[in-house]
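pasted the sequence and its predicted model underneath.
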Amino acid sequence: MKTYHVVAAIIKQSDKILATQRGYGDYKDGWEFPGGKIEHNETPEEALIREIQEELAMTISVDSHVVDVSYDYPQFHLEMGCFLCSIVDGTPHLLEHEAAKWLEPRDIDSVDWLPADILVVNALKDQGIV
């Protein structure tokens, strides 16, 4: 089974967390934390900054590591490093996603998270981030 090494940004602004809805692929319409694949010779932090610029046209800072998630989808295995991030410049412009929502802690379960991202949400709850 193919393994993908990806990173995800848990972008926090005030007490809200950014969720994005996939606009393509097998998991189109599912909600996720934005991010993507780590390219050769990139650190996870560099990949995350690049991916958020490409997907949302904004600059972030990577503040701290939150959790690593391993998940077996039917077609592939996912290894995802998740980082708490802050916006340095810009606002989200949806270049690859269908929608985005700023979720307050009480609303964190209001979207249909993709399976691997549910594990991230649980870690955010366990760590008191949401």
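Received it, and whenever you're ready, just let me know what you need.

next, Tyr24: phi, psi?
Note on Tyr24: backbone dihedrals following degrees, to the nearest 10 are phi -160, psi 170.

mind listing what it touches?
When contacts are counted by C-beta atoms under 8 Å, 6 or more residues apart in numbering, Tyr24 touches Glu96. (C-beta placed from N, C-alpha, C; glycine too.)

before we move on, what about Ser86?
Residues in contact with Ser86, defined by C-beta under 8 Å, 6+ apart, are Ile11, Lys12, Gln13, Ile60, Ser61, Asp63.

ok, 10 Å please
Counting by C-beta atoms under 10 Å, 6 or more residues apart in numbering, Ser86 touches Ala9, Ile11, Lys12, Gln13, Thr59, Ile60, Ser61, Val62, Asp63.

just the buried residues of the residues you listed.
Ala9, Ile11, Lys12, Ile60, Val62 (16 or more other C-beta atoms under 10 Å).

element containing the second one?
With elements taken from DSSP states H and E, the one containing Ile11 is strand 3-13.

do the same with the last one
Using DSSP H and E, the element containing Val62 is strand 59-72.

return the distance of that strand from the chain's centre.
Put simply, strand 59-72 sits 8 Å off its chain's centre (C-alpha atoms, centre = their mean, to the nearest Å).

mind listing the strands that strand pairs with, and their directions?
Sheet pairing of strand 59-72 (DSSP bridges) gives strand 77-89 (antiparallel).

got the buried residues for the partner strand?
Taking 16+ other C-beta under 10 Å as the basis for neighbour counts, the residues of strand 77-89 that come out buried are Leu78, Met80, Gly81, Cys82, Phe83, Leu84, Cys85, Ile87.
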